[in-house]
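Asker: any chance you can model this:
(chains A and B)
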Amino acid sequence: MITCDEFMTELGNYLEGDVALEVRRQLEHHLSYCQTCEVVYDSALKTVKIVTDSGSFDLPEIAARPIREKIMARIRKGSTP
Amino acid sequence: MSYFGEVDLGPSFRPFDALHESLGFVPNLFRAQTLLPRVIEAETGLAAAMLWKDQALSRSQKELIALVVAAASGNTYCFTQQHQTLRSLGLPDHQLDQIVRDRHQAGLSRPDAVLLDFALKLAISAPWLSREDVTVLRDHGFANESILEAILVTGLTNFFCTLSTGLGTSPDFAPRAIAASQQATLPDKRIYVGGTAGPYLDAVELSPESFPPFAFFRERFGLVPKIFRAQTLRPDVIEAEADVVRKMLMPEDMLSHVQKECIFLVGSAANLNTYCVAAHCEMLRAMGISMEESDQIAIDHHQADLSDANKCLLDFALKLTARPSEFGREDIELVRHHGFSDEQIIEAVAATALNGFFNTLQMGLGITPDFETRHVFGPKGAHLSPTADRLAEGAQVDPDAELVARVQDGDLDAFENLVARHSRRVYRTLMGILGNIEEAQDAMQDTFLKAFQHIGAFQRRSKFATWLVTIANNTGLQRLRERRHFESLDEIPSEADEEFRPRQVRAWTEDPEELFSQAERRDLVERELMKLPAKYRVVLVLRDIEQLSGAETAAALSLGMPAMKARLLRARLMLREALAPHFASQAKRMGR
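Answerer: A predicted model of the protein is given here:
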């Protein structure tokens, strides 16, 4: 049996899929009876998915092109690597 | 005079002012490194904190330690320098020579002679040093502060001896012949200690929350290594050491951080230093080098999966560490022949010397390792502990390798291609740090210009994309620091990560992405990301938006793996907290 604190300590590794089999078993057992940790784990997992799928901070091609052109103009005008 | 050219750093280069003030001149040792001024800054900071003034030990006591250690190392450059300094402090030539010949018959007080015994044992046979040797010092009236200084000065002298050998500096004064010592300094092989039987000295607690160097170490390594915790009687020294790590180890502009860690690893293994080997294996692991590969580098780097150039670089560091008397100009030529620039070679010498400093310090303090040790060191060298797992990993394939090679051959179109491939990634990283569209676009230009400028020196030990993101990260950080009112990623201590506790514990709806359109979700995530402190925003951007691997994220942020993981979890939980009101189950009723 592990405590909620112990669960939280391992949560980072668990979300990353980076825990040994025995630890995973203990974590999953904890989730089976601890509603609070279950909610935190489930919503953290959903958070990661929402962020990953959000397309945040994308640079539209229409904005990217002039910047790339500026960079290359400065490089072609100036030095060599 | 040295193996390297000297450039004029101008009258405003402050380390040279400090040298003028303390020594009256700028030694060749520092002139030899003017191609890499940041290294001189770090080194002079270290010397100023430890050597050039009366502290718990008097300056003369410290300079005497440096004299006998330089003599025992057979280092004419440092010996001549120390001889001259001690003469200027009023000690006559004949006494100095007699101290080297037989310190117990040279008119020194008994405690001073015993102090030199200790320093010599630490310098020549550190793994055999024991708690008993420290007790002898205490019995002669030396307190913790004084013993710590003796250890530091011994380490610093080791550092300068290695530097002068590697740089090939000629003495600043007429060279002094080193008198033959009549005293044995050979270790008693029966009591091999291995340097981890301590800690031998008392220390006080300092917290990362109130002591910025500890916050820096925690950010970089995920913990404050015990080697620094053991020196808290001298916070000024720890500050100088943090500065050395920042200026000599972290930068990627000459040698890569990985190359320098490898230099530390082979040097520590040669010095039988269990603590440092474990620490550098862990650092390398955080940068994506497997434990198996690190083990191989520590045991025999020739059998490791390294380029010929990197093997040559490690041969160079190993010779300078273990056989300095055989080291010469031909060793410099050999690494030059493998394509290393003079700046890179100077950095390799400095890294080798710095490793000697930390190895000496660790053995003098006797600290136990921070990490699991996979290597067993004995008087005859290193071998792997039998449980070490030796699975090999496949080499990383870099999809940009061919384009990078073409750019290195001068092909600008290839670089344009790299810019097109990576501009969105660089922009997102910079948005993660700066949180401002115009600034991110501006910094993106800087990032690519810097990458172009340094691509010739890019050694391909990491993927190009990781290297580029590291440059973007540094560029973004630089701008953030310039914005004084804004939070820095690493200099302001954060609240302890473990204190963060989730507050929103209502269950989320089954399929939260259904609740909002793609554009709404993007706006929401961007808005909430912008509210996070920059250090949390950037780790989320790299790991969850860019989808770099954990190791790549850690490397790009120059963080240890544990530090990156702690920050990532904290960031995800903070964002979860912010998104919860929108996605908790009753939100379903409100719909979009």
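Asker: which residues touch B:L35?
Answerer: With contact set as Cβ atoms under 8 Å, 6 or more residues apart in numbering or on different chains, B:L35 has these partners: B:4-5, B:7, B:342-343, B:346. From N, CA and C alone the C-beta is placed, and that goes for glycine too.
Asker: what about it, which helix or strand?
Answerer: For B:L35, there is no host helix or strand (DSSP states H and E).
Asker: give me the nearest residue to it, chain neighbours excluded.
Answerer: Once flanking residues are discounted, B:L35 sits nearest to B:E343: 5.0 Å by Cβ to Cβ, 6 or more residues apart in numbering or on different chains.
Asker: next one: that neighbour from A:L59, what distance?
Answerer: 34 Å (Cβ to Cβ, to the nearest Å).
Asker: those two: which has the busier surroundings?
Answerer: A:L59 (21 against 17; other Cβ atoms under 10 Å in any protein chain shown).
Asker: quick one: that one and B:G432, what's the gap?
Answerer: Counting by Cβ to Cβ - A:L59 and B:G432 are separated by 13 Å.
Asker: next, show the common contact partners of the two.
Answerer: With Cβ under 8 Å, 6+ apart, A:L59 and B:G432 have no common neighbours.
Asker: where does the chain have low pLDDT?
Answerer: No chain was given, so I picked chain A. A:79-81 (pLDDT under 70).
Asker: was after chain B, sorry
Answerer: B:182-193, B:373-397, B:461, B:484-499, B:586-592.
Asker: for chain A, what is the nearest residue in it?
Answerer: Proximity of chain B to chain A (Cβ to the nearest Cβ) peaks at B:L569, 3.5 Å away.
Asker: helices and strands around the helix or strand harbouring B:I297, which ones?
Answerer: Per DSSP H and E: B:I297 is located in helix B:291-300. Contact partners of helix B:291-300 among helices and strands, from 3 or more Cβ pairs under 8 Å, 6 or more residues apart in numbering or on different chains; DSSP states H and E: helix B:257-270, helix B:274-286, strand B:375-378, strand B:381-384.
Asker: next, the angle from that helix to helix B:274-286.
Answerer: Between the axes of helix B:291-300 and helix B:274-286, defined by axes from the mean of the first three to the mean of the last three Cα atoms, to 10 degrees, the angle is 140 degrees.
Asker: roughly how far is helix B:291-300 from the heart of the chain?
Answerer: 19 Å (Cα atoms, centre = their mean, to the nearest Å).
Asker: neighbours of the closest residue to A:A63 other than its chain neighbours, how many?
Answerer: Distances taken as Cβ to Cβ, 6+ apart put B:Q441 closest to A:A63, at 7.3 Å, once the chain neighbours are dropped. Neighbourhood size, B:Q441 [other Cβ under 10 Å]: 20.
Asker: pull out the buried residues from the contacts of B:L35.
Answerer: The neighbour count (16 or more other Cβ atoms under 10 Å in any protein chain shown) marks B:4, B:342-343, B:346 as buried among the contacts of B:L35.
Asker: mind checking which of these are in strands?
Answerer: Among the buried ones among the contacts of B:L35, the subset assigned to strands under DSSP state E is empty.
Asker: the closest residue in space to A:A44 that isn't next to it in sequence - how many residues pack around it?
Answerer: In this structure, A:A44 finds its nearest non-sequential neighbour in B:R576, 5.2 Å apart by Cβ to Cβ, 6+ apart. Around B:R576 there are 23 other residues, counting by other Cβ under 10 Å.
Asker: over to the one 3 residues further on?
Answerer: One way to gauge burial is a neighbour count; for B:L579, by other Cβ under 10 Å, it gives 22.
Asker: tell me which helix or strand it sits in.
Answerer: helix B:561-583.
Asker: got the angle between that helix and helix B:274-286?
Answerer: 40 degrees.
Asker: which parts of helix B:561-583 are buried?
Answerer: So, applying 16+ other Cβ under 10 Å, buried residues of helix B:561-583: B:561-580, B:582-583.
Asker: need the contact list for residue 7.
Answerer: No chain specified, so I'll use chain A. A:F7 neighbours (Cβ under 8 Å, 6+ apart): A:27, A:30-31, A:34, A:37.
Asker: to clarify, I was referring to chain B.
Answerer: B:34-35.
Asker: okay, helices next: where are they in chain A?
Answerer: Using DSSP state H, the helices of chain A run over A:4-15, A:21-33, A:35-53, A:61-77.
Asker: ok, which of the ones you listed comes nearest B:S256?
Answerer: Across the helices of chain A, B:S256 has its closest neighbour in helix A:61-77 (22.9 Å, Cβ to Cβ).
Asker: please save the CA atoms from the closest one in PDB.
Answerer: C-alpha atoms of helix A:61-77 as PDB (Å, rounded to 0.1, in the frame of the first residue of the first chain):
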ATOM      1  CA  GLU A  61       3.700  30.500 -42.800                       C
ATOM      2  CA  ILE A  62       2.600  34.000 -43.800                       C
ATOM      3  CA  ALA A  63       4.500  35.300 -40.800                       C
ATOM      4  CA  ALA A  64       7.400  32.900 -41.000                       C
ATOM      5  CA  ARG A  65       8.400  33.600 -44.600                       C
ATOM      6  CA  PRO A  66       9.500  37.200 -44.200                       C
ATOM      7  CA  ILE A  67      11.500  36.300 -41.100                       C
ATOM      8  CA  ARG A  68      13.300  33.500 -42.900                       C
ATOM      9  CA  GLU A  69      14.000  35.900 -45.700                       C
ATOM     10  CA  LYS A  70      15.500  38.500 -43.400                       C
ATOM     11  CA  ILE A  71      17.700  35.800 -41.700                       C
ATOM     12  CA  MET A  72      19.000  34.600 -45.100                       C
ATOM     13  CA  ALA A  73      19.600  38.100 -46.400                       C
ATOM     14  CA  ARG A  74      21.700  38.900 -43.400                       C
ATOM     15  CA  ILE A  75      23.700  35.700 -43.700                       C
ATOM     16  CA  ARG A  76      24.300  36.100 -47.400                       C
ATOM     17  CA  LYS A  77      25.400  39.700 -46.900                       C
END
